[in-house]
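Colleague: Could you look at this predicted model? Sequence included:
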Amino acid sequence: MKPILAAHSPTATGPSVAAATIHSPLATPLTNHRLLVTGHSPPAPRHFALCLCLAAMAVLTGCTHIGPKTVPVDRFDYSTAIGESWKQQTLLNIVKLRYMDLPVFVDVASVVSGYSLETALSAGASFPQTGGNTASVGGSAKFTDRPTITYVPMTGEKFMHGLITPIDPKNIFFLLQSGYAADFILGFAIESINGVRNRSTAGGLIREADPEFLRVLELLHQVQAAGAFGMRVEEDKVKGSTTVIFFRRDDVSPEIVQKAAEIRRLLKLAPDKDKFPLTYSPVRGADNELVVSSRSMLQIMSAFASYLEVPEAHLKDLSAWPSLDNARAPESRQPAVRIHSGRKKPAAAFAAVQYRDHWFWMDHSDLQSKRALTVIMFFFSLSNTGGNEKLPLITIPAQ
């Protein structure tokens, strides 16, 4: 007698079903008198083959869930990839500004990832009367991963307006209120404060910061590091005004008190006031006002581009602005940002892009440059560079 056992499994998305059927090629079931009359069982090897087939069916036809397992992997992989591309896009546009090239921004609008898993199983066994058993198990599986990524070119009137409009001063001071280094943020985000001017690269010509501005940055760093002073930004949405309130602890050392008084003197702030209206203006205001001339995103990126090392060949063919790295005073606390360049791709870089047959990058060990690039990306979120215009979408199925 030669029974045959067969089974089939559906796809992983449905319930698992295992069916087993035993067929006999003999005319009647009474032919095997040994089995029916004496009650003897088939030889042990036949039991082993049958158990092997049933075990294979139980394992391979079980319900399989692939969705939950992909969440941790996909979430981190896609977020890492989007973050890296954002850094590279920002750095590339900074480099292009030094070459008077057009900066282009493309946003990742959505990522849709779909998976499917299909499995099939077949098993067979035969028990010849002459001895010797045979068993076979066959199966197939098909896994499909089809992510669809949608890109949106950032363009339109609202985006360009946000790119060239100065950042609202209140957003800059909200960053300071949350604990960001005052000397670092103000060194990048403002052109002047109460008429005291920062380093400028307007028109491709460099103008170094006023000595008073550099001194203010240095004092702010020391006062903030001491934790002696704090600030609060209050916004009156009805009147459309913003006020900055400064306060200090009672146990402040006399040295820190003197440094805070020097900051007020350099910025021409009234020594007996702790509450100042915050306004935007390129010139100095009244003694009871905190007047800030903030930079636009385009100005911030242009200032960043002034620290780029332009290859000698590009300086000779006049394809980029000449070096703007004038000698700075040793006591300057302005960010020492560096964007390196070379023919070969750097082995370890925080961000690296290729432009005109050269690589431009920032070292992983350069903490100041890394922090500066990250702050620029924060400023993009603070500036109103979004838009509701109906823009063209680029959808790319990644096969």
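Modeller: Alright, I've got the coordinates.
Colleague: any idea how far the lengthiest helix in the chain is from the chain center?
Modeller: In the chain, taking DSSP state H as the definition, the longest helix is helix 67-98. Computed by C-alpha atoms, centre = their mean, to the nearest Å, the chain-centroid distance of helix 67-98 equals 5 Å.
Colleague: Equivalent analysis for stretch 211-225, please.
Modeller: 32 Å.
Colleague: Could you pull out the buried residues of that stretch?
Modeller: Buried positions in stretch 211-225, judged by neighbour count with 16 or more other C-beta atoms under 10 Å: 212-220, 222-224. For the C-beta atoms, the positions are set from N, CA and C on the backbone; glycine is no exception.
Colleague: Going by residue numbers, what spans are strands in the stretch 151-300 of the chain?
Modeller: Under the criterion DSSP state E, counting those that start in this stretch, the stretch 151-300 of the chain contains strands at 190-193, 196-197, 229-236, 241-248, 275-280, 290-294.
Colleague: and the fifth one, which strands flank it?
Modeller: This points to strand 275-280. Applying DSSP bridges, strand 275-280 is found paired with strand 241-248 (antiparallel), strand 290-294 (parallel).
Colleague: For it, give the mean pLDDT please.
Modeller: The pLDDT scores in strand 275-280 average 90.
Colleague: Next, the angle from that strand to strand 229-236.
Modeller: Calculated by axes from the mean of the first three to the mean of the last three C-alpha atoms, to 10 degrees, strand 275-280 forms an angle of 70 degrees with strand 229-236.
Colleague: got the contact list for P282?
Modeller: 191-192, 293 (C-beta atoms under 8 Å, 6 or more residues apart in numbering).
Colleague: Counting neighbours, which of those residues comes out on top?
Modeller: Neighbour counts for these, by other C-beta atoms under 10 Å, peak at S192, which reaches 21 neighbours.
Colleague: my read: it touches N198, true?
Modeller: Yes. Judged on C-beta atoms under 8 Å, S192 makes contact with N198 at a distance of 6.1 Å.
Colleague: any common contacting residues for these two?
Modeller: F213.
Colleague: pLDDT at A18, what is it?
Modeller: Here, the pLDDT recorded for A18 equals 38.
Colleague: Tell me where the model's unsure across the stretch 251-399 of the chain.
Modeller: For the stretch 251-399 of the chain, residues meeting the criterion pLDDT under 70 lie at 323-336, 383-399.
Colleague: The same query, at a cut-off of 80, please.
Modeller: 284-287, 322-336, 381-399 (pLDDT under 80).
Colleague: Ok, the stretch 101-250 of the chain next?
Modeller: Scanning the stretch 101-250 of the chain with the threshold set as pLDDT under 80 gives 113-146, 155-158, 201-206, 228-229, 238-240, 247-250.
Colleague: at 70 what do you get?
Modeller: Looking at the stretch 101-250 of the chain by pLDDT under 70, you get 117, 121, 123-135, 137, 203-204.
Colleague: show me where it has helices.
Modeller: 157-164, 169-177, 182-189, 211-226 (DSSP state H, counting those that start in this stretch).
Colleague: Could you check how many residues crowd around the residue lying closest to L175 once chain neighbours are set aside?
Modeller: Sequence neighbours aside, I185 is the residue nearest to L175 in space, at 5.5 Å (criterion: C-beta to C-beta, 6 or more residues apart in numbering). I185: 18 surrounding residues under other C-beta under 10 Å.
Colleague: I185 touches S178, doesn't it?
Modeller: No. Contact criterion C-beta under 8 Å: I185 and S178 do not qualify, at 10.2 Å.
Colleague: returning to that earlier point: can you tell me which of the helices of the stretch 101-250 of the chain is nearest to K370?
Modeller: Judged by C-beta to C-beta, the one of those that comes nearest to K370 is helix 182-189, at 12.0 Å.
Colleague: residues in contact with the closest one?
Modeller: 167, 172, 175-176, 193, 198-199, 217-218, 220-221, 224, 294-295, 300, 303-304, 333-335, 371-372, 375-376, 379.
Colleague: Check the residues you listed for burial and list the buried ones.
Modeller: Neighbour counting with 16+ other C-beta under 10 Å marks 167, 172, 175-176, 193, 198-199, 217-218, 220, 224, 294-295, 300, 303-304, 333-335, 371-372, 375-376, 379 as buried within these.
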